[in-house]
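Participant: Predicted coordinates and the sequence they were generated for:
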Amino acid sequence: DQQVKQNSPSLSVQEGRISILNCDYTNSMFDYFLWYKKYPAEGPTFLISISSIKDKNEDGRFTVFLNKSAKHLSLHIVPSQPGDSAVYFCAARKLSGGSNYKLTFGKGTLLTVNP
Amino acid sequence: KAGVTQTPRYLIKTRGQQVTLSCSPISGHRSVSWYQQTPGQGLQFLFEYFSETQRNKGNFPGRFSGRQFSNSRSEMNVSTLELGDSALYLCASSAMGLAGHEQFFGPGTRLTVL
């Protein structure tokens, strides 16, 4: 049961343009959403997050939008740079017994930004 | 401040063997989580340890186990290895666990089972 889905395995954009990465979820109990970026041979690094009580969070070139009614979030990168080329994982957090949380990740989207 | 370190970085084993992977979290972090990454399934949560106690577990068979020591270092063990256990195993540390939501990942251990 894939509770967090990234339906596009890959995305290719031109340098300077906008990159939009999408993520859908099925569990309404998720209370926090995160995006991680992963380069080959490295662990994922935290990029940006958003609470379920908000619909937008912005950090420099990165903006995450959350549409709770559609159970959909997206990551916008503007402008895209070649160094943004990486695998992007969407993750969602929910309580899993008592006060403990668990993160559920999507399968990732490979972003390639062409110079 | 040193980041999360994982040893070994690469490992080759044969079916039926067992393996132990090690993770040293960022100094001062008490929570360590383990994940399995495969091309088909993405990152899947294995378990989380906080102050030497396992406080959350994913949907993996009992062949996967772990522990955490008093210095917060953690080990993960997989017994009776199967071909499908070939994956990148990632460890992540955080100060307070996922309630603080930000985790810092190590580079991973690439396990190949032949």
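Facilitator: Received the coordinates, thanks.

Participant: For the residue nearest the centre of chain B, list the residues it contacts.
Facilitator: Centroid check for chain B by Cα atoms, centre = their mean gives residue B:34 as the closest residue, at 3.2 Å. Contacts for residue B:34 (Cβ atoms under 8 Å, 6 or more residues apart in numbering or on different chains) come out as B:23, B:45, B:46, B:47, B:48, B:66, B:74, B:76, B:89, B:90, B:91, B:92. Any C-beta I mention is one placed from the backbone N, CA and C, and that applies to glycine too.

Participant: Identify the residues contacting the closest residue to residue B:84 other than its chain neighbours.
Facilitator: With Cβ to Cβ, 6 or more residues apart in numbering or on different chains as the criterion, residue B:84 has its nearest non-adjacent residue at 7.9 Å, and that residue is residue B:113. Counting by Cβ under 8 Å, 6+ apart, residue B:113 makes contact with B:12, B:13, B:14, B:15, B:81, B:82, B:83, B:84, B:85, B:86.

Participant: Could you do residue B:85 as well?
Facilitator: B:78, B:111, B:113.

Participant: any idea how far it is from residue A:92?
Facilitator: Separation of residue B:85 from residue A:92 (Cβ to Cβ, to the nearest Å) stands at 26 Å.

Participant: ditto for residue A:68
Facilitator: 12 Å.

Participant: got it, and residue A:11?
Facilitator: Counting by Cβ to Cβ, the gap from residue A:11 to residue A:92 is 20 Å.

Participant: Same check on residue A:80?
Facilitator: Counting by Cβ to Cβ, the gap from residue A:80 to residue A:92 is 24 Å.

Participant: Please apply the same query to residue B:92.
Facilitator: 16 Å.

Participant: repeat for residue A:71
Facilitator: Distance of residue A:71 to residue A:92, given as Cβ to Cβ: 10 Å.

Participant: and what of residue B:40?
Facilitator: Going from residue B:40 to residue A:92 by Cβ to Cβ gives 20 Å.

Participant: Looking at those two, which is more packed in?
Facilitator: In terms of neighbours (other Cβ atoms under 10 Å in any protein chain shown), residue A:92 is the more surrounded of residue B:40 and residue A:92; the figures are 24 against 7.

Participant: Chain neighbours aside, what residue packs nearest to the more buried one?
Facilitator: residue A:30 is the one closest to residue A:92 (Cβ to Cβ, 6+ apart), at 3.9 Å.

Participant: Now do the contacts for that neighbour.
Facilitator: The contact partners of residue A:30, by Cβ under 8 Å, 6+ apart, come to A:3, A:52, A:92, A:93, A:94, A:104.

Participant: tell me the contacts of the fifth one?
Facilitator: Which is residue A:94. Residue A:94 touches A:27, A:29, A:30, A:31, A:101, A:102, A:104, counting by Cβ under 8 Å, 6+ apart.

Participant: Pretty sure the second one sits against residue A:95.
Facilitator: Yes: distance between residue A:29 and residue A:95: 7.2 Å, which falls inside the contact criterion (Cβ atoms under 8 Å).

Participant: Strands along the chain, start to end?
Facilitator: Using chain A here. A:4-5, A:10-14, A:19-25, A:32-38, A:45-51, A:56-59, A:62-67, A:72-77, A:86-95, A:101-105, A:109-114 (DSSP state E).

Participant: actually it's chain B I care about, not the one you picked
Facilitator: B:5-7, B:10-13, B:19-24, B:31-38, B:42-50, B:53-57, B:64-68, B:74-78, B:87-94, B:104-105, B:109-113.
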